[in-house]
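*Asks:* give me the fold of what follows.
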Amino acid sequence: MSDLTDLLLKKPLTDEVLRGLLFVTFALHLLFVLLTIGTAVISFFHFLHALWRNQMQELRWDREILKTFLGHKSLAVVLGVAPLLLIQVGFTVPFFTAVNLFAPFWMLIIPLLIISFLTFDYLGHRVNTRPYAHLVAGTVSLLLLLTVPGIFVAVLMTVEDPGSWVKVIRDGYRLRGDLAFHWLFRYLHVLGAALVFGAVFHYFLTSKEDKEKKHYLMHWLVTGMLLQFVIGALLLSSLPGRPRGMVLAFISMGAMAGVVMLLYVFQKAYGKGSLGMGTTIPLLAVLFVFMLLGRQFIQDLRLLPFQKVLEGNASAYQDKLKPYEGQALSHYLSSLNVSVSSGEWIYQQSCAFCHGENADGKGEEAGNLTVPPEDLTAVRTTRSNLRKIFSEGVGGSAMPYFTVFDREKLESLTDYLHGLYHILDAPGPIPVQISAKAVEEANKQYAGICSGCHGLDGNGTGISRSFKPGPPDFTQYSLTPQRAFTVITNGYPGTMMPPFRTLPEEVRWGLVKVVNDKRKQ
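*Replies:* Alright, predicted model coming up:
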């Protein structure tokens, strides 16, 4: 990353405020993501429970749970926009690098969510008459939904660990070894948290006063909490370095809140009591916030020093560009005086990058083209032929059609080129003396060889009809004598025009005369 040349852009907020907003918005987004996943998992397993016990009556609890899915997933999606925007502003290079490393998977997120959300909404609101079709649809949509957090976890852990980027590339854009284990434990930790939050949510909001449902959800909660402790320990062990300082403090406080909550739920579950919202929600909130703070500090320890390096590189590059600011500003101001309808503006914006600032065919992109752009200073053609080239392009070359410009603008471009390079003039006289014998030989060469492609009268109607690009129409299009001699001698790269350097020089000049004499306009 030492070669980074991004420019420093002014941020709308200070780094501290951006990170604070990112933490808050990400926490809210994650909360509803956990509720969405937890709702889908619990509902699906209750459906399996009903199918196993042959209790497929019309209104089942799994469908009641799924009816809340719309609210969870809508808030999860909407609240996910803010952290995505903030991380793009605050950590631009790490975020977009991670996204590009996993680009195919990142692009799958939208179709996965659309299919999963629509299927779950359908299952939650439709009276079920075919339970096994419901089972297949539910299984597929749940698997699709569970794939999404896996992709997000891969991207986020890569954002936080710039040192892993090269390894990911070398491993074929996959997470392998230690990175794969760390990803797995983070992913399972998210799924475990989803079970805990989903169980608490439905305990207080959908089970109503049904003691059997509440007791069942307490078992879900205990299972989820125990899984979180086991997976959390594995996740902690997979970190590159041992957590210290504030990181250790936050993780410890979160773990303590988890222990207290687990003991509390155990007591209520096996004592046949009920959970109190005033105790459960605060304990869960403390657990959630402290674990997120621990994650935030781990991220900052890795990412902030790297961000400083990026900003230092960008600042050094800006210093390198500083001497050219006046020149760039002057060029910009001068461009404001150019009419966007003028031939000069059209040429500079649409032609110069291939044909060059001086129209000599040496633009910055010319070297990348199989068929080199023509040296416009050497072209001699008619207005109607030039208009045809502008409107149709040249098939088989990089010369496109310019129907985006109306006729008046293309005429302005023609006038601009003619004013500078006399592009509408006749080819001009041959600069050397040619004997009658050389002209006679040139006519024989043209009739015997050249006419096969160019046609006897030069209009390009020989066997070359299918050539891409095809030969020019010599009755309307020609080159200055020196340029024509160069093409006859060396050929034209990327086309079917071969070199004829084995012919005597005088005969080649004779061919120039033969070709240019075919101009009728």
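*Asks:* by mean pLDDT, which helix or strand of this structure comes out lowest?
*Replies:* helix 61-66 (a mean of 69; mean pLDDT, DSSP states H and E).
*Asks:* residue ranges with poor pLDDT in this structure?
*Replies:* Within the chain, the ranges that satisfy pLDDT under 70 run 1-9, 53-63, 125-129, 335-340, 462.
*Asks:* still on that earlier bit, what's next to the helix or strand following the least confident helix or strand of the chain, contact-wise?
*Replies:* Next along the chain after helix 61-66, taking DSSP states H and E as the criterion, comes helix 69-90. Here helix 69-90 makes contact (C-beta atoms under 8 Å, 6 or more residues apart in numbering) with 11-12, 15, 18-19, 21-22, 25-26, 28-29, 32-33, 35-36, 39-40, 43, 95-96, 113, 117, 120-121, 124, 159. C-beta here means a position set from N, CA and C on the backbone, and glycine is covered the same way.
*Asks:* hmm, 6 Å instead?
*Replies:* Helix 69-90 is contacted by residues 18, 21-22, 25-26, 28-29, 32-33, 35-36, 39, 95, 117, 120, 124 when judged by C-beta atoms under 6 Å, 6 or more residues apart in numbering.
*Asks:* and stretch 168-179, by the same measure?
*Replies:* 101, 164, 183.
*Asks:* likewise stretch 25-40?
*Replies:* With contact meaning C-beta under 6 Å, 6+ apart, stretch 25-40 is reached by 65, 69, 72-73, 75-76, 79-80, 82-83, 142, 145, 193-195, 197-198, 201, 292.
*Asks:* gap between the helix or strand where Val153 lies and the chain center?
*Replies:* If you go by DSSP H and E, Val153 is part of helix 131-159. Its chain's average C-alpha position is 22 Å from that of helix 131-159, according to C-alpha atoms, centre = their mean, to the nearest Å.
*Asks:* now it: buried residues?
*Replies:* 134, 137-138, 141-142, 144-159 (16 or more other C-beta atoms under 10 Å).
*Asks:* now the helix or strand following it: how far from the chain's centre is it?
*Replies:* For helix 131-159, the succeeding helix or strand toward the C-terminus, using DSSP H and E, is helix 165-170. The chain centroid and the centroid of helix 165-170 are separated by 19 Å, computed with C-alpha atoms, centre = their mean.
*Asks:* who does the helix or strand hosting Phe229 touch, helix- and strand-wise?
*Replies:* Secondary-structure element containing Phe229, defined by DSSP H and E: helix 211-237. Secondary-structure packing of helix 211-237 (3 or more C-beta pairs under 6 Å, 6 or more residues apart in numbering; DSSP states H and E): helix 178-205, helix 245-270.
*Asks:* among the ones you listed, which comes closest to Ile346?
*Replies:* Closest of the helices and strands packed on helix 211-237 to Ile346 is helix 178-205, at 51.5 Å (criterion: C-beta to C-beta).
*Asks:* wait, what's in contact with Leu417?
*Replies:* By C-beta under 6 Å, 6+ apart, the residues touching Leu417 are Ile423.
*Asks:* need the CA coordinates for the helix or strand where it lies. CSV is fine.
*Replies:* According to DSSP H and E, Leu417 maps onto helix 407-421. Once non-C-alpha atoms are left out, helix 407-421 reads as follows in CSV (Å, rounded to 0.1, in the frame of the first residue of the first chain):
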residue,chain,number,x,y,z
ARG,A,407,-25.5,17.3,-37.6
GLU,A,408,-24.7,20.9,-36.7
LYS,A,409,-22.2,19.8,-34.1
LEU,A,410,-20.5,17.3,-36.4
GLU,A,411,-20.3,20.1,-39.1
SER,A,412,-18.6,22.2,-36.5
LEU,A,413,-16.1,19.4,-35.8
THR,A,414,-15.5,19.1,-39.5
ASP,A,415,-14.9,22.8,-39.8
TYR,A,416,-12.5,22.7,-36.8
LEU,A,417,-10.4,19.9,-38.4
HIS,A,418,-10.4,21.6,-41.8
GLY,A,419,-9.4,25.0,-40.3
LEU,A,420,-6.3,23.4,-38.6
TYR,A,421,-5.3,20.6,-40.9
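*Asks:* begin at 13, not 1, for the rest of this chat.
*Replies:* Will do, 13 is the new start, and the previous item becomes helix 419-433.
*Asks:* immediately after that helix, which helix or strand?
*Replies:* helix 448-457.
*Asks:* after that next one, which helix or strand is next?
*Replies:* Using DSSP H and E, the helix or strand that directly follows helix 448-457 along the chain is helix 463-466.
*Asks:* got the angle for the host helix or strand of Phe300 vs helix 81-102?
*Replies:* Per DSSP H and E: Phe300 is located in helix 289-333. Put simply, helix 289-333 runs at 30 degrees to helix 81-102, going by axes from the mean of the first three to the mean of the last three C-alpha atoms, to 10 degrees.
*Asks:* quick one: helix 289-333 to chain centroid distance?
*Replies:* Its chain's average C-alpha position is 24 Å from that of helix 289-333, according to C-alpha atoms, centre = their mean.
*Asks:* ok, stretch 463-479 next?
*Replies:* On C-alpha atoms, centre = their mean, the centre of stretch 463-479 falls 45 Å from that of its chain.
*Asks:* figure out the length between the terminal residues of it.
*Replies:* Terminal residues of stretch 463-479 are spaced 14 Å apart (C-alpha to C-alpha, to the nearest Å).
*Asks:* contacts for that stretch, please.
*Replies:* Residues outside stretch 463-479 that contact it (C-beta under 6 Å, 6+ apart): 482-483, 485-487, 508, 530.
*Asks:* neighbour-wise, which one of these leads?
*Replies:* The most crowded member of these, judged by other C-beta atoms under 10 Å, is Phe486 (24 neighbours).
*Asks:* can you tell me how far the nearest residue to that residue once chain neighbours are set aside is from Tyr458?
*Replies:* Spatial nearest neighbour of Phe486, chain neighbours left out: Gly470 (3.2 Å); criterion: C-beta to C-beta, 6 or more residues apart in numbering. Gly470 sits 9 Å away from Tyr458, taking C-beta to C-beta, to the nearest Å as the criterion.
*Asks:* circling back to that earlier point, for Ser396, find the nearest of the helices and strands packed on helix 223-249.
*Replies:* helix 190-217 (64.4 Å).
*Asks:* returning to what we had before: got the angle between the helix or strand just after the helix holding Phe300 and helix 289-333?
*Replies:* Toward the C-terminus, helix 289-333 is succeeded by helix 337-348 as the next helix or strand (DSSP H and E). Counting by the same axes, to 10 degrees, helix 337-348 points 90 degrees away from the direction of helix 289-333.
*Asks:* buried residues, the helix or strand following helix 337-348. List them.
*Replies:* Sequence order places helix 355-362 as the next helix or strand after helix 337-348, per DSSP H and E. By neighbour count on 16+ other C-beta under 10 Å, the buried set for helix 355-362 is 355-359.
*Asks:* from the residues you listed, which single one is nearest Val416?
*Replies:* Checking the buried residues of helix 355-362 against Val416 with C-beta to C-beta, the nearest one is Ile358 at 9.9 Å.
*Asks:* look up how far Ser403 lies from that closest one.
*Replies:* Separation of Ile358 from Ser403 (C-beta to C-beta): 14 Å.
*Asks:* cool, Leu432 as well?
*Replies:* According to C-beta to C-beta, Leu432 and Ser403 sit 22 Å apart.
*Asks:* touching, Leu523 and Ile500? I think so.
*Replies:* Yes. Here Leu523 reaches Ile500: they are 5.4 Å apart, a contact under C-beta atoms under 6 Å.
*Asks:* now for the residue nearest to Phe486, how many residues are close by?
*Replies:* Applying other C-beta under 10 Å, we find 26 residues neighbouring Gly470.
*Asks:* so Ser490 lies in a strand, does it not?
*Replies:* Yes. Under DSSP: H, G, I helix; E, B strand; the rest coil, Ser490 sits within a strand.
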